[in-house]
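K.L.:
build the 3D model from these lines:
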Amino acid sequence: MKRVAKSSKGQRMHGGKLRAAILKKAHQIYGKSEVFVAEKNSIAKSIANFLGDSVQTHSTSNTYVKNYKFMLRQTSMFNKYFSLSPRSTLDVNCTVTAVMGHLTSTDFENTNSIAKWCSDDQELQHLLSSVPIRTYVQGENNPQLASNIHSLCEKADHLIICTDCDTEGEYIGWEVLMAANYGLHFEKERDCSILKEALSNKVRFNSGNVWRMEFSNVEKNHLKKAVMNPKKLDPRKVEAVRTRIEFDLRTGSILTRYLTNHYRKTSYAEQAKNLLVSYGSCQFPALGFVVDRYDRITNFTPEEFYYIYIRTELAKNKVGWARPNLFDRFATSLIYENLINMESDYVSVSSVVKKHRLDYSPQPLTTVELQKECSRLFNFSAKETLKHAENLYQSGFISYPRTETNCYPPDFDFDNVINQLNNMPEYKPYCERIVNEGALFKKPRNGSKNDFAHLPIYPLLSVSQNVKNTWTTQKKHVYNFICVKFLASCCKDAVYNTCTVTLNWGKTSTQEGVDFVQKAEVLQEANYKEVMSLMFSKNQKKGKTTEVMNSKLAELKTGDKIKLLETGVGIGKTTPPPWLKEAGLITLMDINGIGTDATIGEHIETLKTRNYIKCEDKTKYLKPTALGISLIHGFQKMGLGPIITKPFFRSEMEQSLHKIICGELQGRDVLNQCMRSYGKVLKTTIQKGHILMSEAKVN
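P.N.:
Down below sits the predicted model:
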C-alpha cells in the first residue's frame, strides 16, 4: 500500500508529491542544494572556483578527486531549474565533484562459463548473441567515486552533469545519473528509460531533476552562461554509445579469443608463449591501410620513362615538355630527331599568362587537424598531442580540444581572444596589426563541419613566461601551434603574382611542334604567412623558398623568339608511393570514418602496443610487422577483406550509430544486423583458419 499523507489543506499526497512537500519545507530552512559532477577533477575545480567564492575543499576516499563546496547567496543562476521568474533570487548550496572518465565496465556475465577464455571454436558463436552482458562499477577508483556521488545526491534538488559535450561524455553522464540513484548497484539491463520519465518516486533522479551543462571552455562568463541555460541528457546518444560498446565487446572477444588460441599453435609460440592477438573493428582497417601501403611499395616495379627538355637564356634550369612523359624510348627519340633536323636554334612564345594566386588562410582548427599537423611538424604521436591539448584545456588556456567543428558562430568575439594573445611578446606585433590597424584582419574562412556541440579549438588565455617555463617542450609546441593557427585564420589570404609562359619548339605550317612550360611566381602580400612564420624555431626549416620571378620572363609577349642553349632527351623512373607517416594514417582514418576525432590516436597506439606496426625513430615511417602482415593477408585470402581489413563495414556502422542519435534507427536493430554479419565472419574464419596459420609461418 502506498504511503499517504495529508497537507495542511487536507489534500491527500502520494509518492513524489510527498517528497516534494518535505523538500519544500526543508528548503525554507536550509536552502536549495545542487550537485555538479565533472569528468575530471581539474574541471570540477575550475567550475567551483569560477562560479563560487570562498570555496571549501573536502577530501574524499579517492586521493585524486575532491568535493568543492560553496554557497551562492540570492542568485538567479538556477531559476530555470526551479521554474522561477527571471527576477527571482534564492540561496543555493553547491557541491562540485568529479569522476575519472568512465565509471563502469561492460563485460559478459561471470556466471556463464562460456564467457571465460574458451578454446572451443564452436562456443565462440554463443558470445555473439546468447551470452548475457552486464554493466557494473569496476576498477580501483570507481567504487569510491560512485559511492561519493550517491552520498552527495541524497539531499540534492538537482544533479547537474558537467561531462564532456560529446557522445562519450553523454554516456558518462548516464553513468553518473545511475550512480546518483543506485550507488554501486547499477541496473543489470543498463536501462535508459528513467531519462524519459517525469519526476516520480521510482528513482531519486530522472529527467525531471537532472540537467546537462554544455560548455566548450572553462572561462568564467562562459561557465555561468552554461549553468543558466541547462540542457537535458540525450538518451539517443547514450543508446548509440551503448550499442558501440556491446558491438566492440562481442566482436572483439570472439576474434581475439580465436586468433590468440590459433596463433599460439604456430611457430610464433616459440617467440611468445603468452602472445595476445587482439582484434578491434577500428584497429584492423587502420592496420589494413599500413599493410596496403607496404604491399604497394614492396611489390612496386619501377619503369623507365622518357621526355624532351630544353634550356634557354631565360633561366638556368631545364624546362620539361608540357605533355605527359612517354614510356616508349623509340617514339621519344623520333620526336627529338625530328626537332633537331629542323635546325632551329630558337623557341617561340606561344602564350603568356599573368595572374594573381591566392593562398588561403587556414580554416578553424579541429581535433583531427591538430593531431595531423603536430605529427607532421613536430613528429608527435596523435595520443601525445591530445594529451597535452587536454591538459591545456583543463588549465583554462584553450577551448575544448575534442571537436569536429571548423566554423565559428556569427557572434564569436575574435577581438577578445586576440587581445589576450596581445599580452605575449611573441604575438604582440601581429595582434596589434590585426586588431588596432586592421591591416591583416579577415574573418576566418569557415569550413563545412559542425558537430553542434563544440566550437573549434582556439586559445583562451595568454600565459606568462614563468608559467611557460614549467611546461614541457611538447606542451609549449602544442600551445604555440594553437595560438598561431588561430591568429593565422584571422588574417587575410596570401597573394602571389604568377607568370606561366608556354614555349614552342618546332612549330611550322605543317606541324604543331612541341610545347614546353616555364613558370615563376613571387609572393606579393604575405599576410597570414607572416604569422605562420612563428610556427618554426630558428633550427627548423621553413620549407622551400619561393622562386624569384625572372623580370625577363614577365616582359615576354606572344610571338617572341628565345635562343636555345641546350636540348636533350631525359630519362626517369617511376617511384613507389612514400611510406605512411602518422599524419597520413590519421587522414585515411578520418576520411573513411574509422574511429572518432578523440579515439584515432588511441587506435594507432594500440597497433604499436600489440606489435602490429612499428614506427621508425629517424624517419617516423609506419611499417607493419610480420604479425600485422600475416593478419591482414590471411583475412584477405579468406575473402573477409571488405569486413575485417577494409573500412567499409565499420564506416557503415558509424553511420548507423548516427542514425540512432537522429532517431531513425533503434540500437537493438543495429546490433542484431551487425551480429548476423559477424556470425558469418566467425564461421568462415573457423572453416579457413589454416590460411591464417600458413600466412603466419610465411611471415
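K.L.:
CA atoms only: put the host helix or strand of Val290 into CSV for me.
P.N.:
According to DSSP states H and E, Val290 maps onto helix 283-298. Provided in CSV are the C-alpha atoms of helix 283-298 (Å, rounded to 0.1, in the frame of the first residue of the first chain):
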residue,chain,number,x,y,z
GLN,A,283,42.2,-1.2,-35.4
PHE,A,284,42.2,-3.8,-38.2
PRO,A,285,41.1,-1.3,-41.0
ALA,A,286,43.8,1.1,-39.7
LEU,A,287,46.3,-1.8,-39.9
GLY,A,288,45.0,-2.5,-43.4
PHE,A,289,46.0,0.9,-44.5
VAL,A,290,49.6,0.4,-43.3
VAL,A,291,49.8,-3.1,-44.9
ASP,A,292,48.3,-1.9,-48.1
ARG,A,293,51.0,0.8,-48.4
TYR,A,294,53.6,-1.8,-47.5
ASP,A,295,52.3,-4.1,-50.3
ARG,A,296,52.3,-1.3,-52.9
ILE,A,297,55.9,-0.4,-52.1
THR,A,298,57.4,-3.9,-51.9
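K.L.:
now that helix, how far from the centre of its chain.
P.N.:
21 Å (C-alpha atoms, centre = their mean, to the nearest Å).
K.L.:
which residues touch it?
P.N.:
By C-beta atoms under 8 Å, 6 or more residues apart in numbering, the surrounding residues in contact with helix 283-298 are 576-577, 579-580, 585, 588-589, 592, 594-595, 603-604, 606-607, 610, 612-613, 622-624, 628-629, 631-633, 635, 641, 644-647, 650. C-beta coordinates here come from the backbone N, C-alpha and C atoms, glycine included.
K.L.:
need the next SSE after it, C-terminal direction.
P.N.:
Proceeding N to C from helix 283-298, the next assigned helix or strand is strand 304-312, under DSSP H and E.
K.L.:
circling back: now the helix holding Val290: buried residues?
P.N.:
The neighbour-count check on helix 283-298 (16 or more other C-beta atoms under 10 Å) flags Gln283, Phe284, Pro285, Ala286, Leu287, Gly288, Phe289, Val290, Val291, Asp292, Arg293, Tyr294 as buried.
K.L.:
let me know the closest of those residues to Lys683.
P.N.:
Using C-beta to C-beta, Phe284 comes nearest to Lys683 of the buried residues of helix 283-298, at 18.0 Å.
K.L.:
distance of that closest one relative to Glu555?
P.N.:
Remark: distance between Phe284 and Glu555 (C-beta to C-beta, to the nearest Å) = 59 Å.
K.L.:
residues in contact with the residue nearest to Pro647 when sequence neighbours are not counted?
P.N.:
Computed as C-beta to C-beta, 6 or more residues apart in numbering, the closest residue to Pro647 that is not its neighbour in sequence is Asn592, at 3.7 Å. Asn592 makes contact with Pro285, Pro647, Ser651 under the criterion C-beta under 8 Å, 6+ apart.
K.L.:
okay, those residues in TSV with pLDDT next?
P.N.:
As requested, the contacts of Asn592 are arranged in TSV below (pLDDT from 0 to 100):
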residue	pLDDT
Pro285	97
Pro647	94
Ser651	91
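K.L.:
return the member of the residues you listed nearest to Gly447.
P.N.:
Out of the contacts of Asn592, the member with the shortest distance to Gly447 (by C-beta to C-beta) is Ser651, at 20.7 Å.
K.L.:
for Lys80, which three-state class applies?
P.N.:
Here Lys80 is recorded as coil under DSSP: H, G, I helix; E, B strand; the rest coil.
K.L.:
tell me how many other residues crowd the closest residue to it other than its chain neighbours.
P.N.:
Nearest in space to Lys80, with sequence neighbours left out and distances taken as C-beta to C-beta, 6+ apart, is Pro230 at 6.3 Å. By other C-beta atoms under 10 Å, 17 other residues sit near Pro230.
K.L.:
assign Val352 to helix, strand or coil.
P.N.:
Recorded secondary structure, Val352: strand (three-state DSSP).
K.L.:
beta partners for it?
P.N.:
When bridges are called by DSSP bridges, Val352 pairs up with Val501.
K.L.:
which helix or strand in this protein has the lowest average pLDDT?
P.N.:
Lowest mean confidence among the helices and strands of the chain (mean pLDDT, DSSP states H and E): strand 4-6, at a mean of 44.
K.L.:
which residues touch Asn181?
P.N.:
Going by C-beta under 8 Å, 6+ apart, Asn181 touches His150, Ile194, Val203, Arg204, Phe205.
K.L.:
report the lowest-confidence entry in those.
P.N.:
Lowest pLDDT within these is found at Ile194 (64).
K.L.:
mind listing what's buried along the longest helix anywhere in the chain?
P.N.:
Scanning the chain for the longest helix, with DSSP state H as the assignment, gives helix 235-263. Neighbour counts over helix 235-263 (16+ other C-beta under 10 Å) mark 235-247, 249-263 as buried.
K.L.:
let me see the contact set for Val417.
P.N.:
Val417 neighbours (C-beta under 8 Å, 6+ apart): Tyr458, Pro459, Leu460, Phe486.
K.L.:
of these, which is the nearest to Ser351?
P.N.:
Distance ranking of these against Ser351, using C-beta to C-beta, places Phe486 first at 41.7 Å.
K.L.:
quick one: that closest one is in a strand?
P.N.:
No: secondary structure of Phe486 (three-state DSSP): helix, not part of a strand.
K.L.:
thanks again, I'm all set now.
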